[in-house]
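Student: just to be clear, the model below is a prediction. Sequence and coordinates:
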Protein chains: 2
Amino acid sequence: MTSTTGTTGTPPSSGLAPEIAARLKRSADGLLPAIAQQYDTGEVLMLGWMDDEALHRTLTTGRCTYWSRSRQEYWVKGDTSGHFQWVKSVALDCDADTVLVKVDQVGAACHTGDRTCFDADVLRRDGAGSGVPSSDQ
Amino acid sequence: MTSTTGTTGTPPSSGLAPEIAARLKRSADGLLPAIAQQYDTGEVLMLGWMDDEALHRTLTTGRCTYWSRSRQEYWVKGDTSGHFQWVKSVALDCDADTVLVKVDQVGAACHTGDRTCFDADVLRRDGAGSGVPSSDQ
């Protein structure tokens, strides 16, 4: 099994500041998960993937930019839908392997039309299905 | 380059309900990124990784359980630190490749002692460093 833990993939050529690029811990395919969160309400909107260049573009253009793993191309959120994510802040986590982007989301974040990508498929809510009373949680 | 896009890894033997396991889209190493969010304040606390069994345990025990990629073992958040994450809700995203767990976090989520893993390393805040005025965002 190939572990992606702490793998520092070969940094691709990008415009990202070298001092940031040097400490990123990328997955085996050179990506970091990027969480998009609505800056004022705190809603977690979606999770996308960024390589160095997508992070660079997100930092410098003010529009959240991802790497599409399915299409193998850069993807400015909103370019086709109009549902842009205007960047408010960008942070790395303590391991430098995850990005948190606080954004102002225009319209729906989800391609289904839902506000967030996590609205439709709730597996458990407040102890439901667990057999554990809420008070025990 | 090995793409992890939409890869449905071989479902490992686990206690996860088959109807959930059947639709998960796992990374090449059989994992899903799992975002932990404080249920009441909306803080994004951390991102961990879950395989089917970790998701099953998270759903059924009410304590957030991850797969540690570095140690290659299950990891109940708080077992060593006391900083448990009591599960409030669990949702899959629209692609069934990401988990959002709303939790009640005891103490600090980050091993550094910070409340969240995203507190210490802010790359950009409100247009700083972008050359783009905030009003243009």
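Tutor: Yep, that arrived.
Student: leaving out chain neighbours, which residue sits closest to the residue in chain A positioned nearest to chain B?
Tutor: For chain A, the residue closest to chain B is A:G42, as judged by CB to the nearest CB, at 2.2 Å. (Each C-beta comes from the backbone N, C-alpha and C, glycine too.) Using CB to CB, 6 or more residues apart in numbering or on different chains and skipping the chain neighbours, the partner closest in space to A:G42 is B:G42 (2.2 Å).
Student: please apply the same query to A:L123.
Tutor: With CB to CB, 6+ apart as the measure, B:V90 is the residue that lies nearest to A:L123, at 4.6 Å, once sequence neighbours are left out.
Student: next, the residue positioned nearest the centre of chain A: phi, psi?
Tutor: For chain A, the residue nearest the mean C-alpha position is A:A34 (2.0 Å; CA atoms, centre = their mean). Main-chain dihedrals, A:A34, degrees, to the nearest 10: phi -130, psi 120.
Student: give me the pLDDT value at it.
Tutor: At A:A34, the model reports a pLDDT of 98.
Student: repeat for A:S134
Tutor: Here, the pLDDT recorded for A:S134 equals 38.
Student: A:C64 too?
Tutor: In this model, A:C64 carries a pLDDT of 98.
Student: let me see the ranges of the helices in chain A.
Tutor: Assigned by DSSP state H, the helices in chain A fall at A:18-21, A:52-61.
Student: for the ones you listed, state which one has the densest average packing.
Tutor: helix A:52-61 (a mean of 22; mean count of other CB atoms under 10 Å in any protein chain shown).
Student: and that helix, what other elements does it pack with?
Tutor: The contact analysis (3 or more CB pairs under 8 Å, 6 or more residues apart in numbering or on different chains; DSSP states H and E) places helix A:52-61 against strand A:32-38, strand A:65-68, strand A:73-76, strand A:85-92, strand A:99-105.
Student: what's near enough to touch the residue nearest to A:A109 when sequence neighbours are not counted?
Tutor: Of all residues not flanking A:A109 in the chain, A:L45 sits nearest, at 3.7 Å (CB to CB, 6+ apart). Counting by CB atoms under 8 Å, 6 or more residues apart in numbering or on different chains, A:L45 makes contact with A:A36, A:Q37, A:Q38, A:Q85, A:V103, A:Q105, A:A109, A:C110, A:R115, A:T116, A:C117.
Student: how does it look with 6 Å?
Tutor: Residues in contact with A:L45, defined by CB atoms under 6 Å, 6 or more residues apart in numbering or on different chains, are A:A36, A:Q38, A:Q105, A:A109, A:T116.
Student: phi and psi next, for the last one.
Tutor: In this case it means A:T116. Main-chain dihedrals, A:T116, degrees, to the nearest 10: phi -120, psi 160.
Student: does it touch A:Q105 like I think?
Tutor: No - here A:T116 does not reach A:Q105: they are 8.6 Å apart, not a contact under CB atoms under 6 Å.
Student: one step back: gap between the residue nearest to A:G42 and B:Q105?
Tutor: Separation of B:G42 from B:Q105 (CB to CB, to the nearest Å): 12 Å.
Student: tally up the residues packed near the closest residue to the residue nearest to the centre of chain A other than its chain neighbours, please.
Tutor: Once flanking residues are discounted, A:A34 sits nearest to A:V99: 4.0 Å by CB to CB, 6+ apart. Using other CB atoms under 10 Å in any protein chain shown, A:V99 has 27 other residues around it.
Student: for A:V99, give me its contacts.
Tutor: Going by CB under 6 Å, 6+ apart, A:V99 touches A:L32, A:A34, A:M50.
Student: what number of residues lie near the residue nearest to A:L123?
Tutor: Residues lying near B:V90 (other CB under 10 Å) number 25.
Student: so what's it bridging to?
Tutor: Per DSSP bridges, the residues bridged to B:V90 are A:R124, B:V101.
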